[in-house]
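**Q** can you look at this prediction? I've put the sequence above it.
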Amino acid sequence: MASSVLSDRSSPATARLLPFQRSAQSWKSQFQRSVSIAWKPLRLNVIRSTASPHRSLSAVAPVAMTTETSAKVIDGKSVAKQIKDEIAGEIVRMKDETGIVPGLAVILVGCRKDSQTYVRNKKKACEAVGIKSYEANLPEDSTEEDVLKHITCFNDDPSVHGILVQLPLPRHMNEEKILNAVSIEKDVDGFHPLNIGRLVMQGREPLFVPCTPKGCMELLHRCGVEIKGKRAVVIGRSNIVGMPAALLLQKANATISMVHSSTKNPEEITRQADIIISAAGVANLVRGSWIKPGAVVIDVGINPVDDAESPRGYRLVGDVCYEEACKVASAITPVPGGVGPMTIAMLLSNTLSSAKRIHDFK
Ligand SMILES: Nc1nc(=O)c2c([nH]1)NC[C@@H]1CN(c3ccc(C(=O)N[C@@H](CCC(=O)O)C(=O)O)cc3)C=[N+]21
């Protein structure tokens with residue numbers, strides 16, 4: 001579990017296009033299959049300091065007194081672009097002053113189409129901001145030792161500042177053992193247990209925060225959403241999205257609840273939230289009736305649903321029934337174009353912070 005993304009794009013046929021009622025059992029099996037996205041934390045001062053919390057959401061959407069109300073769409077793609085521009089500027093400054101270029105190594109095992117697409121997109125994103133990218137493509141039937149050897153090699157390579165092992169790994173591999181092998185100083189995914197452990201504890205700071213949850217928080221910050229004292233509900237409890245997202249919200253002084261596949265009354269609990277982060281990997285799980293009028297909705301789900309009209313034969317939808325949510329929420333992230341691009345921006349940010357930390361560049 002705890003690997004793939006928000007969704008398993010390799011099986012679009014299993015996804016549903018229309019909202020539906022599901023039993024706890026079916027929800028559970030969906031959860032287990034689809035789990036996570038990857039998120040990393042940003043340690044990038046430049047991002048925080050140049051953030052623009054002036055665009056307050058409260059000023060934008062007076063919220064659903066009528067069904068005509070339409071939520072503000074949070075444009076993750078454009079926020080990610082802004083962040084990438086900031087990162088590119090920092091990389092130029094670092095190179096000019098030290099000659100050092102940040103490097104990111106990605107290890108891909110097997111030939112899942114979705115993983116190949118993600119890796120290709122990460123590589124492109126690296127090139128666009130000036131990060132040097134390194135890639136190890138290993139066959140599906142590689143041994144754990146093969147993967148560990150590559151990790152050791154990147155751990156020891158001074159031109160590599162970040163290492164990402166693309167998830168999910170083939171079933172025969174022990175994910176825990178492999179993720180543990182990544183040097184904590186280069187763990188730009190933030191999946192190393194030491195980084196997660198520090199995220200859990202008061203007064204400790206992880207070196208890296210997982211990219212997807214970090215991207216969600218960055219969107220909330222940059223849209224001027226106040227978190228302190230608010231009620232937040234996270235749907236899904238994966239290692240790479242749901243759990244760290246809840247921890248980050250709590251760190252930001254929200255009161256959190258987690259809804260998962262065994263929750264008896266998910267709708268009732270979710271409806272109490274001022275902020276919803278959904279990372280269940282279930283298309284159209286969150287209906288309009290689950291959302292408190294005026295809530296802010298961050299939809300992490302990336303679920304393929306069959307679509308004969310699309311060139312790929314499927315299209316991507318989130319966990320949230322978008323049309324319904326738009327009538328109730330004050331702001332919402334679309335899918336695609338919401339959290340996805342932010343995940344990649346956070347990965348670049350983590351890689352830059354890593355290079356800065358390793359070389360003590362301020
Ligand atoms: N070690 C590891 N780290 C990860 O960060 C990681 C991973 N494994 N495994 C897979 C998931 C998934 N993930 C996404 C990143 C960007 C988009 C993204 O940019 N999506 C576009 C849509 C792209 C399209 O249309 O195909 C969007 O939402 O707008 C999606 C998903 C990172 N993951």
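**A** The structure has been received and is ready for your questions.
**Q** tell me the pLDDT at the residue most central in space within the chain?
**A** What sits nearest the mean C-alpha location of the chain, by Cα atoms, centre = their mean, is residue 212, with 1.6 Å. pLDDT recorded at residue 212 is 98.
**Q** who's in contact with the closest residue in space to residue 220 that isn't next to it in sequence?
**A** Using Cβ to Cβ, 6 or more residues apart in numbering and skipping residues adjacent in sequence, the residue nearest residue 220 is residue 227, 6.2 Å away. All C-beta atoms are positioned from the backbone trio N, CA, C, and that covers glycine. Residues near residue 227 by Cβ atoms under 8 Å, 6 or more residues apart in numbering: 220, 249, 252, 253, 254, 275.
**Q** what about residue 227, distance to the ligand?
**A** 23 Å (Cβ to the nearest ligand atom, to the nearest Å).
**Q** which one is residue 127 nearest to, not counting chain neighbours?
**A** In space, residue 127 is closest to residue 133, 6.9 Å off (Cβ to Cβ, 6+ apart).
**Q** quickly find the element holding that neighbour.
**A** Residue 133 is part of strand 132-138, with elements assigned from DSSP states H and E.
**Q** okay, buried residues for that strand please.
**A** 132, 133, 134, 136, 138 (16 or more other Cβ atoms under 10 Å).
**Q** turn these into TSV, columns for distance to the ligand and pLDDT.
**A** Shown next, in TSV, are the buried residues of strand 132-138 (distance: Cβ to the nearest ligand atom, whole Å; pLDDT from 0 to 100):
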residue	distance to the ligand	pLDDT
132	19	98
133	14	98
134	15	98
136	13	98
138	14	98
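**Q** keep only those of the contacts of residue 227 that are in strands.
**A** residue 275 (DSSP state E).
**Q** who are the packing partners of the longest helix seen in the chain?
**A** In the chain, with assignment by DSSP state H, the single longest helix is helix 76-98. If you count contacts as 3 or more Cβ pairs under 8 Å, 6 or more residues apart in numbering; DSSP states H and E, helix 76-98 packs onto helix 45-50, helix 113-129, helix 211-222, helix 339-358.
**Q** which ones are touching whichever residue of the stretch 251-362 of the chain sits closest to the ligand?
**A** For the stretch 251-362 of the chain and the ligand, the shortest gap (Cβ to the nearest ligand atom) falls at residue 340, measuring 2.2 Å. By Cβ under 8 Å, 6+ apart, the residues touching residue 340 are 76, 302.
**Q** residue 173 versus the residue of the stretch 151-300 of the chain found nearest the ligand, what's the distance?
**A** Residue nearest to the ligand within the stretch 151-300 of the chain (Cβ to the nearest ligand atom): residue 167, separated by 3.8 Å. Separation of residue 167 from residue 173 (Cβ to Cβ, to the nearest Å) stands at 10 Å.
**Q** same check on residue 77?
**A** 33 Å.
**Q** okay, the two: which has more neighbours?
**A** residue 173 (19 against 15; other Cβ atoms under 10 Å).
**Q** surely that one meets residue 107?
**A** No. Between residue 173 and residue 107 there is no contact under Cβ atoms under 8 Å: 11.3 Å.
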